[in-house]
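**Q** Sequence unavailable; structure follows:
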């Protein structure tokens, strides 16, 4: 009897998880469809573009430069055990561009932007501002969701590209100033080692992570509970879901681009 009860509980959990995935998938498709269908709200798009793009640059830049510098130190220390210190430029470049750059930027956007979107939309729901939009014949998906998703789709790849460059520059500064590398040789090794596929994969990951971050913020905001506790749970849940999905998407996309 206990066995059947356990199996029934497992089945309910699986069905609940699948239902949640289904709701998120339908919400994502609905959001993407509203991006290409009028009416459009350029002012909301511009505000989202500024908030996600320009205002995120400081945290992205600081995260990337310190990560690139620390990566150079770690690779040099590890390579010294095998007399392979010379690989620092190549590994820093490929590590930042393929993996660390996109993932770190995606997680920073999840922490900064996803939480902000979820809290803002959830507060609007609690204070019945979303109901007011419907009363004014304004579709909430078009006014609140579509501009934010489109802004994330366009800005996060740019942030990833900037983060990649700053991260590689951080490794360059540490390697040339502290580790005794020749500046010209370091830059040549970096440029020669990177391939177009590395850069393309980084930007594609950025676009995917941006959509995930924006959709999770909007979804949890639109489906939040009432009251302050509902806003808090929506904010926390959006960041957790965005971070996990970004890491899962990174694994899938890495397999797609670089599987042998």
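**A** In hand now; what should we look at? Only a predicted model underlies this, so the values are computations on that prediction, with no experimental measurement involved.
**Q** residues of the helix or strand containing residue 11 that come out buried?
**A** Following DSSP states H and E, one finds residue 11 within helix 2-35. Of the residues in helix 2-35, 24, 27-28, 31-32, 34-35 count as buried by neighbour count, 16 or more other CB atoms under 10 Å. (C-beta placed from N, C-alpha, C; glycine too.)
**Q** Give the burial count for residue 230, as a bare number.
**A** Residues within reach of residue 230, counting by other CB atoms under 10 Å, total 16.
**Q** my guess is it meets residue 224, correct?
**A** Yes: with contact defined as CB atoms under 8 Å, residue 230 reaches residue 224; the gap is 4.6 Å.
**Q** anything in contact with each of the two?
**A** 122, 126 (CB atoms under 8 Å, 6 or more residues apart in numbering).
**Q** Can you name every helix or strand that the helix holding residue 11 contacts?
**A** Contacts defined by 3 or more CB pairs under 8 Å, 6 or more residues apart in numbering; DSSP states H and E place helix 2-35 against helix 146-177, helix 196-222.
**Q** Distance to residue 76 and mean neighbour count for those - can I get that in JSON lines?
**A** Below are these laid out as JSON lines (distance: least, CB to CB, whole Å; neighbours: other CB atoms under 10 Å):
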{"stretch": "helix 146-177", "distance to residue 76": "7", "mean neighbour count": "23"}
{"stretch": "helix 196-222", "distance to residue 76": "21", "mean neighbour count": "23"}
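**Q** Nearest to residue 14 among those would be which one?
**A** helix 196-222 (20.7 Å; CB to CB).
**Q** can you state the direction angle for that closest one and helix 2-35?
**A** 100 degrees (axes from the mean of the first three to the mean of the last three CA atoms, to 10 degrees).
**Q** Tell me the backbone dihedrals of residue 181, please.
**A** phi -80, psi 150 (degrees, to the nearest 10).
**Q** what about it, neighbour count?
**A** Number of residues near residue 181 (other CB under 10 Å) recorded here: 22.
**Q** swap in residue 114?
**A** Residue 114 has 30 nearby residues by other CB under 10 Å.
**Q** so it sits right up against residue 236, yeah?
**A** No: Residue 114 is not in contact with residue 236 according to CB under 8 Å; the separation is 10.7 Å.
**Q** Which of the helices and strands packed on helix 2-35 sits closest to residue 9?
**A** helix 196-222 (25.6 Å).
**Q** Heading C-terminal from that closest one, find the next helix or strand.
**A** Later in the chain than helix 196-222, the nearest helix or strand by DSSP H and E is helix 227-258.
**Q** The closest residue to residue 231 other than its chain neighbours and residue 179, how far apart?
**A** Nearest non-adjacent residue to residue 231, counting by CB to CB, 6 or more residues apart in numbering: residue 122, 4.3 Å away. As judged by CB to CB, to the nearest Å, residue 122 and residue 179 stand 48 Å apart.
**Q** more crowded one of these two?
**A** residue 122 (28 against 17).
**Q** Report the central residue of this protein.
**A** residue 106 (2.4 Å; CA atoms, centre = their mean).
**Q** so who does it touch?
**A** Per CB under 8 Å, 6+ apart, neighbours of residue 106: 156, 160, 205-206, 209-210, 212-213, 246, 250.
**Q** Residue 122 now?
**A** 220-221, 224, 230-231, 234-235 are the contacts of residue 122 under CB under 8 Å, 6+ apart.
**Q** That's all I had, so thanks and see you.
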